[in-house]
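Visitor: Dropping a prediction and its sequence here:
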Amino acid sequence: MNMRRLPFVLALTVSGWAVACSDTPQADNPPQPTGTATASAAPTAVETAAPTATAAVTAAPTATAEVVAPPPVVKTGKEKIVGKWTFSFEGEPKAKAEEDAKKKFAKEKDAKKQEAAIAKFVKEIEDAAAGEWIEFTADTYVSHVTEKGKDKVVLEVKYEIVKDDNTTLVTKPGKDKPKVGKAPPAGTEISTTFKDDNTIEMMDPVKKIKLVFKRKM
C-alpha cells in the first residue's frame, strides 16, 4: 500500500522597520513595529483510528452422528425351517374333525345328545393332536406322536429341497430309505409356507388339508 504524507504548511510574513531621517534631531522614540509577524501553525494531522474489526465467531453446527441400523439378515427357508414345531389344532384340521363328527352322529335324533357327541369326538381328536410335533434338521424330517404319555417317532426320512424363496419351502422325500416309518410316494412334493418366523402351514400330501405348526420355544 502507498502511503501519502500529509503536507506541512508553514507561512511566515515579516515587515521591515521604517526609519525617517531629518535635519532636526528628534527625540529618540522607542522603535515601533510597523508590521506583525504572523506565524501559522501547521495543521495537526488527525490520526483516525482504524475501525476495530469485530470477529463474528459463529459456532460450527454440531454434527449429529446418525446411527443407521444394518439391514436385517434375511434367512432362507431352509435356515428358518430348522427346529421343532408343535401341531396346532386350528383351521382346516378342526373343520375336518367337526365335519367327520357330524357325519358320524348324523342319525342321532336327539339334538342335545348329537351336539354333545360331536363336541366329545372333536375334543378327543384335539387332545391327540396336542401330542403331535415335527422336527426339521438341515436334511432330515422327523414326525413325533405321544402315546400313553411317551414320545414316539413315527417317521424319520431324509428330504431334498425343490424350491426355496424365503416365504415358501417345497421339499420331497430323499432317495435314502426312511430310518423309521414309510415315506410318501417318490416324487411327492410338500409345500411349507412361513406365516411368520414362528408359524408355518404345511399341506398334508395324503389328507390334502393344510396343517398349522407353531415353533416350540
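Guide: Structure received.
Visitor: Give the residue spans of the chain that score low on pLDDT.
Guide: Applying pLDDT under 70 to the chain flags the ranges 1-64.
Visitor: Would you map the helices across it?
Guide: 77-81, 92-104, 111-129 (DSSP state H).
Visitor: now, of those, which is deepest in the fold?
Guide: Of all these, helix 77-81 has the most neighbours on average by mean count of other CB atoms under 10 Å, namely a mean of 19. For the C-beta atoms, the positions are set from N, CA and C on the backbone; glycine is no exception.
Visitor: Pull it out as CSV, backbone CA atoms only.
Guide: The C-alpha trace of helix 77-81 is given here as CSV (Å, rounded to 0.1, in the frame of the first residue of the first chain):
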residue,chain,number,x,y,z
GLY,A,77,-36.5,-71.1,4.0
LYS,A,78,-34.0,-73.9,4.7
GLU,A,79,-32.5,-71.9,7.6
LYS,A,80,-35.9,-71.0,9.1
ILE,A,81,-37.4,-74.4,8.9
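Visitor: From the chain's centroid, how far away is that helix?
Guide: 24 Å (CA atoms, centre = their mean, to the nearest Å).
Visitor: Same question for stretch 159-177.
Guide: On CA atoms, centre = their mean, the centre of stretch 159-177 falls 33 Å from the chain's centre.
Visitor: residues in contact with that stretch?
Guide: 74-78, 80-81, 139-141, 157-158, 183-184, 186-194 (CB atoms under 8 Å, 6 or more residues apart in numbering).
Visitor: Recalculate using a threshold of 6 Å.
Guide: Residues outside stretch 159-177 that contact it (CB atoms under 6 Å, 6 or more residues apart in numbering): 76-78, 81, 141, 157-158, 183-184, 189-194.
Visitor: can you give me the end-to-end distance of that stretch?
Guide: 11 Å (CA to CA, to the nearest Å).
Visitor: Look at Asn166 and say how many residues are nearby.
Guide: Residues near Asn166, counting by other CB atoms under 10 Å, number 13.
Visitor: how far away is Val68 from Lys75?
Guide: 22 Å (CB to CB, to the nearest Å).
Visitor: Ignore what I typed, I meant Ile125.
Guide: 34 Å.
Visitor: related to what we said a few turns ago, highest neighbour count among the contacts of stretch 159-177?
Guide: Result: Ile81 is most packed of those (other CB under 10 Å), 24 neighbours.
Visitor: need the contact list for it.
Guide: Ile81 neighbours (CB under 6 Å, 6+ apart): 136, 169.
Visitor: Stretch 202-217: which residues count as buried?
Guide: 202-203, 211-213 (16 or more other CB atoms under 10 Å).
Visitor: Which residues are in contact with the closest residue to Glu90 other than its chain neighbours?
Guide: Counting by CB to CB, 6 or more residues apart in numbering, Val212 is the residue found nearest to Glu90 once chain neighbours are left out, at 5.6 Å. Residues near Val212 by CB under 6 Å, 6+ apart: 88, 90-91, 201.
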